[in-house]
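*Asks:* Prediction below, plus the sequence it came from.
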Amino acid sequence: MYIKRSIESLLRKRAKNSRCILVTGARQVGKSTLLKKLYSDVPYVTFDDKLLLATAINDPKLFIKNLPKPSIIDEVQYASEIFPYIKMECDKSDMYENYYLTGSQQMRLMSKVQESLAGRISILELQGLSMRELNGIDFNKHFVPTEEYIAAREKQLKTYDNLWQTIHRGMYPEINVTERDWQDFYSSYVQTYLERDIKEEIEIKDMLAFTRFLSAIAARTGQMLNYMSVAQDVGVTQVTIKNWVSVLERTGIIFILQPYSSNHLTRAIKTPKLYFKDTGLACYLSKWNNAEALEQSAVAGNMFETFVISEILKSFSNEGKDYTFNVFYYRGKDKKRIKENGEIFKEECEIDLIIEENGTLYPIEIKKSANPNKSMAFAFDVLDKDVDKKRGMGAIVCLYDTKLYLSDDLVVLPIEYV
């Protein structure tokens, strides 16, 4: 079974105007499946094949010379030696769609690509399935709580049933289109990830410590990233933890959400927040073995927030937009409160997500609650201090079952609107 991906039309369009195209994303999100589905008549090679990989590394010029155009090359990060020869082939003619590439180690791969194929390649990020894809919703605009977006999204709404089962199961294609056992899938995923991607990135002498690290990080999804706390739990140095976190980010397992900063917000906390890109993997690593226990747990709020953040990021990447410099969070003591005796004090407040677009800041609160109220958005007006930006419509994304305006600039949106 194949689930139609939102990125398909964009990929075809980009490919027609590029010498080659690169689809990046974590292992098992469906990169090669997508390309083989769209270009079923194109020859396919993968560097998971050790013999092909050895050939490409030892004689990259001959490897590319023997490869027909167009071709799909899977997991290209294992043989970056071929990039200069791909460039040469692309420069031989005005032909587009020469090579369709996939890679699962984003940052390391990007530097190699930019060195060799700048101006010749179009890069797209594929993430796990989105709720839109899982529910067959043909809507591909990135989430931002404007009147225009809300009106357009309302035309294609579907109720998301069994949400906590979905959050617990995760959004990898295989776990959603087959009957494979949840425990077996994630156990194999982690083992493959450790054996292939991690060993490719760094040498780990204590694999048991790294496994403890994965569990410790998963337990902290949706929280501020405290390297010292993780180091104490795992029993290694902060330097090691920073290195390992960087590896998880490079291989597409986690996303680091940066704090919003402005010269006008002087009390903002500068610590970033950490989110797993897939809640199923986070549940497996933090040992939540069923959806019912997860829903009633103390971490349910963080896991729900992780899920919503992930869905919002997918809405950006599926439209071909880079979300890196568009999404932030805020936490600080820039908000004033007045006590009953008239004393003024600074109160710590937090905004779960800020989407910045065209000079406008859209604050978003993410709540597991089905009973939203205005007090949930009490921190939003702190953004008015940033006189260089406008504050747009604020949103509370939650489990309420219908859209509800709480004021002219604050709307409650069910998760189905994402």
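*Replies:* Structure received.

*Asks:* alpha carbons only for contacts and neighbour counts from here, please
*Replies:* OK.

*Asks:* can you pull out the helices in the stretch 251-400 of the chain?
*Replies:* Ranges of helices within the stretch 251-400 of the chain are 279-285, 291-295, 300-317, based on DSSP state H, counting those that start in this stretch.

*Asks:* Give me the contacts around the last one.
*Replies:* In this structure, residues lying in contact with helix 300-317 by C-alpha atoms under 8 Å, 6 or more residues apart in numbering are 124-127, 130-131, 140-143, 167, 221-223, 275-279, 294, 322-323, 366-368, 415, 418.

*Asks:* Alpha carbons of it, in PDB - could you do that?
*Replies:* C-alpha atoms of helix 300-317 as PDB (Å, rounded to 0.1, in the frame of the first residue of the first chain):
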ATOM      1  CA  ALA A 300       1.100  13.500  27.600                       C
ATOM      2  CA  GLY A 301       1.200  17.300  27.300                       C
ATOM      3  CA  ASN A 302       4.800  17.300  26.000                       C
ATOM      4  CA  MET A 303       4.100  14.400  23.600                       C
ATOM      5  CA  PHE A 304       1.000  16.200  22.300                       C
ATOM      6  CA  GLU A 305       3.000  19.400  21.800                       C
ATOM      7  CA  THR A 306       5.800  17.400  20.100                       C
ATOM      8  CA  PHE A 307       3.100  15.900  17.700                       C
ATOM      9  CA  VAL A 308       1.700  19.300  16.800                       C
ATOM     10  CA  ILE A 309       5.100  20.900  16.300                       C
ATOM     11  CA  SER A 310       6.000  18.000  14.000                       C
ATOM     12  CA  GLU A 311       2.800  18.400  12.000                       C
ATOM     13  CA  ILE A 312       3.500  22.100  11.600                       C
ATOM     14  CA  LEU A 313       7.000  21.500  10.400                       C
ATOM     15  CA  LYS A 314       5.800  19.000   7.900                       C
ATOM     16  CA  SER A 315       3.300  21.600   6.500                       C
ATOM     17  CA  PHE A 316       6.300  23.800   5.700                       C
ATOM     18  CA  SER A 317       8.600  21.200   4.200                       C
END
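
*Asks:* average pLDDT for it?
*Replies:* Average pLDDT, helix 300-317: 98.

*Asks:* For stretch 66-75, give the mean pLDDT please.
*Replies:* 93.

*Asks:* what's Lys321 sitting at in phi/psi?
*Replies:* Backbone dihedrals for Lys321, given as degrees, to the nearest 10, come out at phi -100, psi 140.

*Asks:* separation between it and Val327?
*Replies:* As judged by C-alpha to C-alpha, to the nearest Å, Lys321 and Val327 stand 12 Å apart.

*Asks:* More neighbours: these two, which one.
*Replies:* Neighbour count, other C-alpha atoms under 10 Å: between Lys321 and Val327, Val327 has more, with 22 against 16.

*Asks:* List the beta-bridge partners for the more buried one.
*Replies:* Ile355 (DSSP bridges).

*Asks:* residue ranges with poor pLDDT in the stretch 151-300 of the chain?
*Replies:* In the predicted model, the stretch 151-300 of the chain carries pLDDT under 70 at residues 200-201.

*Asks:* Do a quick rundown of the strands in it.
*Replies:* Under the criterion DSSP state E, counting those that start in this stretch, the stretch 151-300 of the chain contains strands at 223-224, 254-257, 273-276.

*Asks:* For those strands, give me TSV that also has distance to Thr266.
*Replies:* TSV is the format used below for those (distance: least, C-alpha to C-alpha, whole Å):
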stretch	distance to Thr266
strand 223-224	19
strand 254-257	19
strand 273-276	19
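
*Asks:* So for this structure, the centremost residue is which one?
*Replies:* Most central in the chain under C-alpha atoms, centre = their mean is Lys277, positioned 4.7 Å from the mean C-alpha point.

*Asks:* Quickly note the distance from that residue to Asn162.
*Replies:* 20 Å.

*Asks:* same check, this time on Phe83
*Replies:* For Phe83, the distance to Asn162 - C-alpha to C-alpha - is 45 Å.

*Asks:* Repeat that for Glu125.
*Replies:* 28 Å.

*Asks:* Compare neighbour counts for these two and give me the winner.
*Replies:* The neighbour comparison of Glu125 against Asn162 (other C-alpha under 10 Å) goes to Glu125, with 24 against 9.

*Asks:* Please name the residues that touch Leu413.
*Replies:* Ala395, Ile396, Val397, Cys398, Tyr400, Thr402, Lys403, Leu404.

*Asks:* Let's see that with 6 Å instead.
*Replies:* By C-alpha atoms under 6 Å, 6 or more residues apart in numbering, the contact set of Leu413 is Val397, Lys403.

*Asks:* so it bridges to which residues?
*Replies:* Beta-bridge partners of Leu413, counted by DSSP bridges, are Val397.

*Asks:* If I look at it, what pLDDT would I see?
*Replies:* What the model reports for Leu413 is a pLDDT of 98.

*Asks:* From Pro173, how far out is it?
*Replies:* As judged by C-alpha to C-alpha, Leu413 and Pro173 stand 27 Å apart.

*Asks:* Flag every buried residue along the helix or strand hosting Ser32.
*Replies:* Using DSSP states H and E, Ser32 maps to helix 31-38. By neighbour count on 16 or more other C-alpha atoms under 10 Å, the buried set for helix 31-38 is Lys31, Ser32, Leu34, Leu35, Lys36.

*Asks:* Kindly report the same for stretch 137-147.
*Replies:* Within stretch 137-147, the residues scored as buried using 16+ other C-alpha under 10 Å are Ile137, Phe139, Asn140, Lys141, His142, Phe143, Val144, Pro145, Thr146.

*Asks:* Quick one: the residues you listed as TSV, columns for pLDDT too.
*Replies:* Listed next are the buried residues of stretch 137-147 as TSV, based on pLDDT from 0 to 100:
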residue	pLDDT
Ile137	96
Phe139	96
Asn140	96
Lys141	97
His142	97
Phe143	98
Val144	98
Pro145	97
Thr146	97
